[in-house]
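In: can you look at this prediction? I've put the sequence above it.
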Amino acid sequence: MVPFRRDKKDPQAPDGENPVHAATDAMIRQYASEKHWDTTHRISISHDAKKDFFDASTNNRTWKTDISLAPDFETRQGEIVRDAKLTVTGDPVRTAITAMMDHEYGHWGVCPQNVEQAEMILDGVSRGLARRGIDGSQVMQLGPYVSNMFMDVLVNGVNFEKEQFTEGHTILNTDRAYFGPKSKNGKKPGYEDYFGMFVDAQGKLTDSPDARGLAERYVTNYQNIEIDCEQLLASIVGRQYARKAFAGELTETDRQAIRRGMRNTADWAGSAEEFAKTIAPYIEDKLDDVKKNVHLSPMMAAMAGKTGKEGQNGQQEGNEEPGGGLSPQEKEQIRKEIIEAGVKRLVKANGGTLAGIDPADLPYAMSHEVFDEIYRQKADQIVVEFKKEGGDQARMTLFHMAKRRLDDSEPISDPMAWGSTIFINKPDDPEKKIWLFKNTTPYDFNEEGRSRTGSFENILFAVDVSGSMQWSNTPLDESRYDMCIRSIYSVINYLEKTNTAQYLKYGLMLFSDNTTWSGWVSYGDLMKLKRQLFEGFQGGDTIMDPDVLKQAVSEQKDGRFLTMITSDGEITNYEQLLPIFMGIIAKPNDVVLMQISNMSSFGEGLRQSGAAVAQINSPEDLVGLNLSIIDSRYGPHQGNTVEIKKALEGEQEMTRASKPRPMRI
């Protein structure tokens, strides 16, 4: 064995440019030009002294290919070919480079071609890992890497029809044996068992002795994994073809059928699950090694690193994996798109409805991320319905919070509740009657959300999380707390649609036995507030800590803010809170209490202090009420007057005091 020199000083030519690197760069760009890839993709090439071998990725979303090579990449390829006695018909560097590029562009042309395909594979892999006993945190961390390995097998399997690709791929896999995590700078080349399985499943698809023999050459005790190597390949191509591949009996017709099958996206989810189940026992607890061996595509890089655990600073751990030179913002956007695709897939399987979806059905994502996507999609439906009549001047139609029967002499006029029509035909009354009903909107708010300085006022949500709010920790369970979540999401969705959300700051205070405070967060940091919504339900008594309320007020440095409180009972220590709310109102800041069920002493005290108090009988009314308030304050309406309406024959009403000042809603 020849010891390999690892010179990372990267000597430069006199003019400041390394001629070897320049030649490699020109080779890469020339090959891209020959394939006409340079007309559609931006190519970035670097020679990184921190690299042990190479890294390459193609971003399907931005049409960008990033290639990063070790400084001695060019020298090593020739040395490896000679030392390992590989059969290569052309220049080893060009052969390796072209195989690298064919592989990367295969992630665009073969797998995955879009977010939906990436999500489908990741879901299948995650289920496979979980079903082999891998715990949830490890599933989230290993899933993207195993998914990338599965995609690599598909891409390479299709590319093996080209002899030069097979040779180049063999060089690159041999490079991994010499400079991977198990090797010691080329002195003792080798693979971990899981990586040997991955290499062997691909090599056996070819008729190249070099490719077929890599795992046997570089895995200690290869005979211990040989059966599972065949099973790994069988998970993708089927047992019959896998058996023939390992026996060296594949015909060209077989290989063509295998390549066609690898492009059949309908099989990917099930194949990915079986692939993961086979490799799971070998890859468990190997995360550090896997990170060094498996290069992530940008989509999988966006999904890697999450653990579902909190760091010491209270922020989410992880998501710092490499892949395509993505910024943290790009990673988060891709992550959201993949989770969105997952929820939509579940909705389709659930008969087109969001209700009843279990966040655990997306094992690759954290629970609060799935909750977030479910409520985001629900809010989108709500706001579309809210605004569908009348364009920008739309008023609440879906959320009429009351109906009243028309008097016999009253003319028919919109908005009629035709679905509530009752036909009266009593046996003891010969006169047949029709009762018609009309929708009424008790609360109609028409006011801009701008403060006197012209800037939008921020929003503080204060939500009761006591036991009577009845949340089952299940999305869309129609509990009182569920309606609060829907309301907050609908408010944010509305503000997004009116291009206002990014200008505001938001705060969330949840109160029960303890009072939790999110701090004021910008639109870009809303996930912190949303996560508190899903993880902060307590189910205790109804108490609000006055010190936390004072903290929220003191931290508001950006002008006026609107406080929206939702509760369904008496706040035990309300007398401590009223002076603080009086101070908020006196600033002046508006305060609205949405009181579910009976009026409370807290509500009466707020009303006397100048706050708006809406007493509602049905929790379902919360969504419409919240949207009506936000629509009037932050929407495009101007110059309208406030009308406070009674409904349900006086059972519900919106009240406010004329003192100490008129309420601006």
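Out: Received it, and whenever you're ready, just let me know what you need.

In: which non-adjacent residue is nearest Q470?
Out: Leaving out its chain neighbours, the residue that sits closest to Q470 by Cβ to Cβ, 6 or more residues apart in numbering is S479, at 4.2 Å. Every residue, glycine included, has its C-beta placed from N, CA and C.

In: state the distance from that neighbour to I596.
Out: The spacing between S479 and I596, counted by Cβ to Cβ, to the nearest Å, is 11 Å.

In: same question for M527.
Out: To I596, M527 is 27 Å away according to Cβ to Cβ.

In: who's more crowded, those two?
Out: Shown here are M527 and I596; by other Cβ atoms under 10 Å, I596 has more neighbours (23 against 15).

In: leaving aside the residues adjacent along the chain, what's closest to the more buried one?
Out: D568 (3.8 Å).

In: could you tell me how many residues sit around that neighbour?
Out: Using other Cβ under 10 Å, D568 is surrounded by 21 other residues.

In: ok, it - contacts?
Out: With contact taken as Cβ atoms under 8 Å, 6 or more residues apart in numbering, D568 is in contact with D464, S466, S468, M469, R480, Q595, I596, S597, P619.

In: out of those residues, who's nearest W517?
Out: Comparing the contacts of D568 against W517 with Cβ to Cβ picks out D464 as the nearest, at 14.7 Å.

In: which of the contacts of D568 fall in helices?
Out: Judged by DSSP state H, the contacts of D568 include R480 as members of helices.

In: hmm, which of the contacts of D568 are the buried ones?
Out: D464, S466, S468, M469, R480, Q595, I596, P619 (16 or more other Cβ atoms under 10 Å).

In: touching, the fourth one and F537? I think so.
Out: Yes: counting by Cβ atoms under 8 Å, M469 does reach F537; the two are 7.5 Å apart.

In: determine the residues that are contacts of both of these two.
Out: Common contact partners of M469 and F537 (Cβ under 8 Å, 6+ apart): Y481.

In: can you give me the strands in the stretch 451-600 of the chain?
Out: 458-464, 505-511, 515-517, 521-522, 561-567, 591-596 (DSSP state E, counting those that start in this stretch).

In: out of those, nearest to D288?
Out: The closest approach between D288 and any of those, judged by Cβ to Cβ, belongs to strand 521-522 at 33.7 Å.

In: hmm, who's touching that closest one?
Out: With Cβ under 8 Å, 6+ apart as the test, strand 521-522 has contacts from K505, Y506, G507, K528, L529.

In: in a markdown table, list the residues you listed along with pLDDT and neighbour count.
Out: Formatted as a markdown table, those follow (pLDDT from 0 to 100; neighbours: other Cβ atoms under 10 Å):
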| residue | pLDDT | neighbour count |
| --- | --- | --- |
| K505 | 95 | 22 |
| Y506 | 97 | 25 |
| G507 | 98 | 21 |
| K528 | 95 | 16 |
| L529 | 96 | 18 |
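
In: between those, which is nearest P298?
Out: If you rank those by distance to P298 using Cβ to Cβ, K528 comes first, at 24.9 Å.

In: might you report the residue contacts of the closest one?
Out: Neighbouring residues of K528 by Cβ under 8 Å, 6+ apart: S518, G519, V521.

In: mind doing that once more with 6 Å?
Out: V521 (Cβ atoms under 6 Å, 6 or more residues apart in numbering).

In: go on, L287?
Out: Q141.

In: again, only using 8 Å
Out: Shown in contact with L287 (Cβ under 8 Å, 6+ apart): Q138, Q141, L142, Y145.

In: repeat that for T572.
Out: Applying Cβ under 8 Å, 6+ apart to T572 gives the contacts D541, T542, I543.

In: coming back round to it: with distance to A26 and pLDDT added, can I get the buried ones among the contacts of D568 in CSV?
Out: Rendered in CSV, the data for the buried ones among the contacts of D568 read as follows (distance: Cβ to Cβ, whole Å; pLDDT from 0 to 100):
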residue, distance to A26, pLDDT
D464, 67, 98
S466, 69, 97
S468, 72, 96
M469, 66, 96
R480, 67, 96
Q595, 73, 94
I596, 71, 93
P619, 67, 84
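
In: now the residues you listed as TSV including distance to G583?
Out: Formatted as TSV, these follow (distance: Cβ to Cβ, whole Å):
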residue	distance to G583
D464	21
S466	25
S468	28
M469	27
R480	29
Q595	21
I596	26
P619	30
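
In: T95: which of those is nearest?
Out: The closest of these, once distances to T95 are taken by Cβ to Cβ, is M469, at 65.4 Å.

In: neighbours of the residue nearest to Q470, how many?
Out: A count of neighbours around S479, defined by other Cβ under 10 Å, yields 18.

In: so what's L578 scoring on pLDDT?
Out: Confidence at L578, expressed as pLDDT, is 97.

In: so D590 sits right up against L562, yeah?
Out: Yes: using Cβ under 8 Å, D590 makes contact with L562 at a distance of 5.2 Å.

In: now for these two: what residues contact both?
Out: Both D590 and L562 are contacted by E457, under the criterion Cβ under 8 Å, 6+ apart.

In: which single one of the contacts of strand 521-522 is nearest to I28?
Out: Minimum distance to I28 across the contacts of strand 521-522 is 42.0 Å, recorded for K528 (Cβ to Cβ).

In: number of nearby residues for L69?
Out: 24.

In: that one reaches K50, doesn't it?
Out: No: if you go by Cβ under 8 Å, L69 and K50 don't touch, sitting 11.3 Å apart.

In: on that earlier part again, most widely separated two among the contacts of L287?
Out: Longest span within the contacts of L287, Cβ to Cβ: Q138 and Y145, 10.9 Å.

In: got a list of what L606 touches?
Out: Shown in contact with L606 (Cβ under 8 Å, 6+ apart): L578, F581, V591, L593, V613.

In: check for me that it belongs to a strand.
Out: No: per DSSP: H, G, I helix; E, B strand; the rest coil, L606 lies outside any strand segment and is helix.

In: so where do the strands sit in the stretch 151-300 of the chain?
Out: Under DSSP E, counting those that start in this stretch, the stretch 151-300 of the chain gives no strands.

In: could you list the low-pLDDT ranges of it?
Out: When residues are selected by pLDDT under 70, those of the stretch 151-300 of the chain lie in 183-187.

In: ok so, going back, next, format the strands of the stretch 451-600 of the chain as a markdown table and append distance to V383.
Out: As requested, those are exported to a markdown table (distance: least, Cβ to Cβ, whole Å):
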| stretch | distance to V383 |
| --- | --- |
| strand 458-464 | 16 |
| strand 505-511 | 17 |
| strand 515-517 | 27 |
| strand 521-522 | 21 |
| strand 561-567 | 17 |
| strand 591-596 | 18 |
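
In: closest to M197 out of these?
Out: strand 521-522 (45.4 Å).

In: given the closest one, what are its sheet partners and their directions?
Out: The strands beside strand 521-522 in its sheet (DSSP bridges) come out as strand 505-511 (antiparallel).

In: and the partner strand, how far out from the chain's middle?
Out: Relative to the centre of its chain, strand 505-511 is centred 22 Å away, using Cα atoms, centre = their mean, to the nearest Å.

In: show me where the stretch 551-665 of the chain has its helices.
Out: With helices called from DSSP state H, counting those that start in this stretch, the stretch 551-665 of the chain shows them at 574-586, 601-609, 621-634.
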